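[1] okay, structure incoming, though there's no sequence with it:
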């Protein structure tokens, strides 16, 4: 019986590489990460590795937006919100940045697996 191995950081929603229907679970998860309009493009649904590349770029764009928000929040919000609200906004950006780091790792692992990389269990 084959053992299907997923590395640390692999998304729980996606079955490990080579498990039955693993690419279908990957496609579903990747589409959930992307803008809803991506579901309209049949080419992305048929070519999951292409969808993975789109998802990587989308997550990276979100990371860049988050970094920009962190760097500009104090100056942008100082005139419209009090210090406590600005601090809360910065904390939200920091939480989102941390979440996106994990998502970017997961998307990268799925993309690598779709491109043929396989993982082995280590003791």
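    Cool, got the structure. Here the structure is a predicted model, which means the values were calculated and not measured. Numbering: from 1, shown residues only.
[2] from now on I want contacts and neighbour counts done on CA atoms only, so please keep to that.
    OK.
[3] can you give me the buried ones in stretch 109-123?
    By 16 or more other CA atoms under 10 Å, the buried positions in stretch 109-123 come out as 109, 110, 111, 113, 114, 118.
[4] go through these and name the one nearest residue 57.
    For residue 57, the closest of these turns out to be residue 111, at 11.5 Å, with distances computed as CA to CA.
[5] and the residue nearest to residue 34 when sequence neighbours are not counted, how many neighbours does it have?
    In this structure, residue 34 finds its nearest non-sequential neighbour in residue 55, 5.9 Å apart by CA to CA, 6 or more residues apart in numbering. For residue 55, the number of neighbouring residues by other CA atoms under 10 Å comes to 24.
[6] how close does residue 55 get to residue 25?
    Counting by CA to CA, to the nearest Å, the gap from residue 55 to residue 25 is 14 Å.
[7] same deal with residue 67?
    Here the distance between residue 67 and residue 25 works out to 30 Å (CA to CA).
[8] just to revisit the earlier point, residue 33 is in contact with the residue nearest to residue 34, correct?
    Yes - the pair formed by residue 55 and residue 33 meets the contact definition of CA atoms under 8 Å, at 6.7 Å.
[9] on that earlier part again, report the buried residues of the helix or strand harbouring the residue nearest to residue 34.
    Assigned by DSSP states H and E, residue 55 belongs to helix 48-77. For helix 48-77, burial by neighbour count (16+ other CA under 10 Å) applies to 48-56, 58-60, 62-63, 66-67, 69-70, 73-74.
[10] next one, pLDDT for the most centrally placed residue in the chain please.
    In the chain, the residue lying closest to the centroid (CA atoms, centre = their mean) is residue 103, at 3.4 Å. According to the predicted model, the pLDDT of residue 103 comes to 98.
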